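Asker: what follows is a predicted structure for the sequence shown.
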Amino acid sequence: MGNEKGYLALVLHAHLPFIKHPEYPDFLEEDWFYEAMVETYIPLLNVFENLTEEGIDFRLTMSLTPPLCNMMEDPLLIDRFSHYLNQRAELSEKELTRTAGTEFEGVARMYFNKFRRYKELFENRYHKHVLQGFKKFQDMGKLEIITCCATHGYLPLMVHKESVNAQIKIAAKDYRSRFGKNPRGIWLAECAYNPGDDKFLRDEGIRFFFTESHGILHGTPRPKYGIYAPVYCPNTGVAAFARDMESAQQVWSAESGYPGDSRYREFYRDLGYDLDYDYIKPYLHSDGVRRNIGMKYHKITGKVALNQKQAYNPAAAREVAAEHAGNFMFNRQKQIEYLSTLIDRKPLVVSMYDAELYGHWWYEGIDFLEYLFKKIYYDQDEIKLITPMEYLEIYPENQIVQPSMSSWGDKGYHDVWLNSGNDWIYRHLIKSAERMMELANKFPNAEGLLRRALNQLARELVLMQSSDWAFLMTTGTAKEYSTKRTKDHIKRFNELYEQIQGNRINEAYVYELELKDSIFQQIDYNVYSSAAKEAVLQKY
Amino acid sequence: MEKNLSSASLVKPVQKDTNAEADIPFGYGKTESYLLPKDPAWMFLFWEITQNTLDYLKSTYSENVLQSARTIIRLYDVTGVNTFDGTNAVKFYDMPVIFEARSWYINVPQTGRSYVADIGYLTADGQFILVTRSNVSSVPPGRISDVIDDKWMIVEGDFQKLLKLAGADYIGMGASERMQVVGQRWKLTELTPSGAPSSWSSFSLHLDKTEDEDIWLKADCEIIIYGSASKNAIVSINGQDIELKDGKFSIRQHLPAGSVVDLPIRARNAKGDKTRQLTIKALREQGK
């Protein structure tokens, strides 16, 4: 232990649902992945590279969910992303000429430089496999990569523990295949925790997870340190770390949050709408409809109409990001100073965010993180960045508390994923899980086509269970797509189930689904057997 | 605006989805029910009751007994009960239900407890006829525990300060902002409304943020629309056909703050030449 007064654990949750449509040459929703790649994931790697080159030590905990890892390693999506990135690079080069001598010259140059750098990283340094980049920083001890439920399945709404077990086991296996070791931590989808589910984590060697603040505050018995130290779950000893609301609000708050600064980039004013149609058309989707293309030349400016927005100044925006990073650090110092007067150990503040907030939503969030790492390294010694495992090594003894059921969703529980707008899905999700268990128990040693069919059945089930679909039905954005995805997986599941039950498996159908819903190549349907679940429950 | 969200409508598929036209099952042909937690005070129960089960009940009990019986959910508090057998619950509570509703939100009497829900008939002479029994499900306590750990003694004043710092009074709040932002992220195809305020400045959060108060309150609202129509009528609410069982219907929906819901309810006969219409209007004022 050094002279620091307390610790800060920064945790980013990087996730996208598995979206891949090989049956279409061009598919709109795949853009979610490409945008996040170019605005968040590669820029984050760029920050890690810069810090490492400058010899700046840093610590970050980051979930890379199994669906995201599967997409990052998918040959088709890699090809399509390469094309996306090349197009942006090409357009940004053309833009240098068009904007020369105008007020947009600076911002055009920024895009040109960034895309060129990201192409360099993506193509030459990581050879199109960005996971290699993340793995590199994990192996260096700077980054702790954690896993998530297999398809971001919402565990407290799963009636059958076989489903919970499968979500964890499939995820851990996927993690091992990509990072060559066991995941030590997990981000439970939506931080949704259900007492007892930690048994399935423990069985995969997972040592810690995160909850919303009341997961621990409402735990039993009362947590001595509130949320400023982790607790151990009874029987399993898996550690639960709770989210600090103060640092969360500083970024998220509508009134006072950093991303609202008028000098930051305006999200809604996009070149896809601003530029001459014939000029921009090659960079739009094949239907030629104007949409956001991710290049934006204006700043938030203030509460003015979009056509009143002023030109974006990259250097000025970076300065604001540095200011905000300084403010964030100052507030953590004050927070930790005050907390040390209340508790008899060095307090830990856990700041948890969606990774895509940084870069995609808050464009300068990436700069903010880079400055924050630098300032913490150079400017002070009161707070120290830490990962959960490092904390547990310093403080191996922690209070045993049963965390409360909770999630980080609106109202703190399951309302977002279970309400009158999406409750119809649970009839099918739960019934499909029951059917999956039935077949896993019936065919413990399937081979050949039957085995392929059962494995595909498991893929359809986990894809159906992605919490993203229920979430999108509630927010009302992409409701049509999320409804269709849910129904598609239900239909495919039931069709395949009938084929297996009727001993009339159609190989062409299995092949078609293997191609479309290609997540988890190594899946083994046996994770759904009741014996697999019982084996875990008997241990703890 | 919400149209064309998927490029499914933009480009022709290379390969045809072999059962793209089929819809999902209405039910699975088995009488059963499942109970899920929603929050400390609410649970969601859904069920399926097959015609076979109803026929069996009719053949077992006289038509008269069933017709004069009330259909109910019997909610058992089974906290601490190892194996629930229908008789060893701590307490139970009855509430009326329509079988055809197929799902129901239950306001549980006590937080932090475990429950099982039965669906069945309560006969005129007080006999309960079970139709289907759910799984056991628990709701969280929703508050700070009363249990104190001897090994990890707490200084009460400091603990209260820690709670306050941790935002214990605002649990679950503020998450709506995150939800809006994350939700917005998915809006790909939406045309930019000209003159719209910027993404961040346009948020508004409906909660009282005065930090000094040691009292807080939150509430939300859902409405239930129910009714009946002639047995063969086709009923639609707000243009969407809804399912009618024995001439009855019931739907439930969220009523966000500041919303006006205008729901035309329309019944038409099978031929489509006769209609009846009623409109229900609900207004929830923005208020604080």
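Answerer: Sure thing, it's come through. Numbers count the residues shown, from 1 in each chain, chains lettered A, B, ... in the order given.
Asker: and chain A, what are its domains?
Answerer: Domain assignment for chain A by automatic domain parsing gives A:266-311, A:419-539.
Asker: single out the most deeply packed of these.
Answerer: Sort the domains of chain A by mean neighbour count, taking mean count of other CB atoms under 10 Å in any protein chain shown, and domain A:419-539 sits at the top with a mean of 19. C-beta coordinates here come from the backbone N, C-alpha and C atoms, glycine included.
Asker: would you format the domains of chain A as JSON lines with distance to A:Lys169 included?
Answerer: Formatted as JSON lines, the domains of chain A follow (distance: least, CB to CB, whole Å):
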{"stretch": "domain A:266-311", "distance to A:Lys169": "37"}
{"stretch": "domain A:419-539", "distance to A:Lys169": "5"}
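Asker: out of those, nearest to B:Lys274?
Answerer: B:Lys274 lies closest to domain A:419-539 among those, at 30.5 Å (CB to CB).
Asker: so what would you say the end-to-end distance of that closest one is?
Answerer: The straight-line separation of the ends of domain A:419-539 (CA to CA, to the nearest Å) is 35 Å.
Asker: number of nearby residues for the nearest residue to A:Asn86 once chain neighbours are set aside?
Answerer: In this structure, A:Asn86 finds its nearest non-sequential neighbour in A:Lys119, 7.4 Å apart by CB to CB, 6 or more residues apart in numbering or on different chains. As a burial measure, A:Lys119 scores 17 neighbours (other CB atoms under 10 Å in any protein chain shown).
Asker: ok, A:Lys119 touching A:Gln87?
Answerer: No - with contact defined as CB atoms under 8 Å, A:Lys119 does not count as touching A:Gln87 (11.2 Å).
Asker: chain B: strands as residue ranges?
Answerer: Using DSSP state E, the strands of chain B run over B:32-37, B:42-48, B:70-77, B:91-96, B:103-107, B:114-122, B:128-133, B:137-138, B:222-228, B:234-237, B:240-242, B:248-254, B:260-268, B:275-283.
Asker: need those in a markdown table (columns: distance to A:Ile500 and mean pLDDT).
Answerer: Listed next are those as a markdown table, based on distance: least, CB to CB, whole Å; pLDDT from 0 to 100:
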| stretch | distance to A:Ile500 | mean pLDDT |
| --- | --- | --- |
| strand B:32-37 | 21 | 98 |
| strand B:42-48 | 22 | 97 |
| strand B:70-77 | 35 | 96 |
| strand B:91-96 | 40 | 93 |
| strand B:103-107 | 29 | 94 |
| strand B:114-122 | 31 | 98 |
| strand B:128-133 | 27 | 97 |
| strand B:137-138 | 30 | 98 |
| strand B:222-228 | 40 | 78 |
| strand B:234-237 | 37 | 85 |
| strand B:240-242 | 34 | 78 |
| strand B:248-254 | 36 | 74 |
| strand B:260-268 | 42 | 81 |
| strand B:275-283 | 46 | 84 |
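Asker: export those as TSV, with columns for mean neighbour count and distance to A:Asn46.
Answerer: Output for those, formatted as TSV (neighbours: other CB atoms under 10 Å in any protein chain shown; distance: least, CB to CB, whole Å):
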stretch	mean neighbour count	distance to A:Asn46
strand B:32-37	22	43
strand B:42-48	21	45
strand B:70-77	19	55
strand B:91-96	14	58
strand B:103-107	17	48
strand B:114-122	22	50
strand B:128-133	16	57
strand B:137-138	20	46
strand B:222-228	14	46
strand B:234-237	17	52
strand B:240-242	11	48
strand B:248-254	18	42
strand B:260-268	15	48
strand B:275-283	11	51
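Asker: kindly list the longest strand within chain A.
Answerer: In chain A, assigned by DSSP E, the strand with the most residues is strand A:6-14.
Asker: quick one: residues in contact with the following helix or strand past that strand.
Answerer: Next along the chain after strand A:6-14, taking DSSP states H and E as the criterion, comes helix A:31-36. By CB atoms under 8 Å, 6 or more residues apart in numbering or on different chains, the residues outside helix A:31-36 that reach it are A:14, A:16, A:19, A:71, A:77, A:80-81, A:84-85, A:294, A:356, A:360, B:185-186, B:188.
Asker: just stretch B:120-129 next, same as before
Answerer: Residues outside stretch B:120-129 that contact it (CB under 8 Å, 6+ apart) are B:57, B:61, B:65-66, B:68-72, B:74, B:94, B:118, B:130-132.
Asker: out of the contacts of helix A:31-36, what pair is the most spread apart?
Answerer: The span of those, defined through CB to CB, is set by A:Leu85 and B:Trp186 at 21.2 Å.
Asker: A:Ile300 is in contact with A:Asp261, correct?
Answerer: Yes - the criterion here is CB under 8 Å, and A:Asp261 meets it with A:Ile300 at 6.9 Å.
Asker: mind listing the helices for the stretch 201-350 of chain A?
Answerer: Counting by DSSP state H, counting those that start in this stretch, the stretch 201-350 of chain A has helices at residues A:213-217, A:245-252, A:271-274, A:277-280, A:314-340.
Asker: which residues of the stretch 301-450 of chain A score low on pLDDT?
Answerer: For the stretch 301-450 of chain A, no stretch is flagged by pLDDT under 70.
Asker: that one: strands as residue ranges?
Answerer: A:348-354, A:383-385 (DSSP state E, counting those that start in this stretch).
Asker: out of those strands, nearest to chain B?
Answerer: Shortest distance between chain B and the strands of the stretch 301-450 of chain A, using CB to the nearest CB, is found for strand A:348-354: 6.0 Å.
Asker: and that closest one, anywhere near chain B?
Answerer: Yes - for strand A:348-354 and chain B, the contact criterion (CB under 8 Å from any CB of the partner chain) is met by A:Asp354.
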